[in-house]
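In: Need the 3D shape of this:
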Amino acid sequence: MKDKGSVIIIYDDSCCLCRGCIKWIELHALRRDIFEFLSCQSEERQNRFPEISEDACLQSLHVILPDRKIITGDMIVPEIVNRLRGFRWFSCLFKIPVIKVLFYEIYRWIAQNRYIISKTLWPLMVFPAINSTNNHGATTNGHNSKDRDKDKAWTVPE
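Out: Numbers count the residues shown, from 1 in each chain. A predicted model of the protein is given here:
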């Protein structure tokens, strides 16, 4: 459990698209401790948030704000974007009614078809293994960035 100021994101761990989104959010977060991620299927989620059924959290992402307010679906995006490095300006777009309605429809379509999207796009994507890096390009495993680029390990999650 992270500090009380972190935003909790509950996601479907059986969905490749959802796991990819969580990894992207984690990589772009303003601070390392700004988000806490809980799998919808986890026992911890059931214990901490019994009011959120597994069926409900399989329908869309859930975000629990620091004040314990729970938001779901397309309403989560501005809350997440406000906490991402380089993307905060994007949240002002969600205040425009036409964009808000359009985004809701896009989000709903993606949420309803995420397993199909995952199975269709996943074979086309190749991801480098992620090594933690500091601000100077050095990896935590002791190799510098030139070695990392030369010896990239390519993995495809299950």
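In: all helices for this structure, in order.
Out: Using DSSP state H, the helices of the chain run over 16-28, 43-48, 54-59, 76-81, 97-112, 114-121, 145-150.
In: how about those, which one is nearest residue 8?
Out: Minimum separation from residue 8 across the helices of the chain (Cβ to Cβ) falls at helix 43-48, 8.3 Å. Just so you know, the C-beta spots here come from the backbone N, C-alpha and C atoms, and that holds for glycine as well.
In: Pick the most buried one from the helices of the chain.
Out: Highest mean neighbour count of the helices of the chain: helix 76-81, a mean of 18 (counted as mean count of other Cβ atoms under 10 Å).
In: Residues contacting it, please?
Out: Helix 76-81 has contacts (Cβ atoms under 8 Å, 6 or more residues apart in numbering) with 7, 9, 25, 60-63, 65, 71, 87-88, 90-91, 94, 103, 107.
In: Give the single residue among these positioned nearest to residue 50.
Out: Distance to residue 50 across the contacts of helix 76-81 (Cβ to Cβ) is lowest for residue 62, with 13.0 Å.
In: ok, the closest one - how many residues close by?
Out: 21 (other Cβ atoms under 10 Å).
In: Across the sheet, point out what pairs with it.
Out: residue 10, residue 72 (DSSP bridges).
In: Just give me the residue right at the centre of the chain.
Out: Nearest residue to the geometric centre of the chain (Cα atoms, centre = their mean): residue 22, 2.2 Å.
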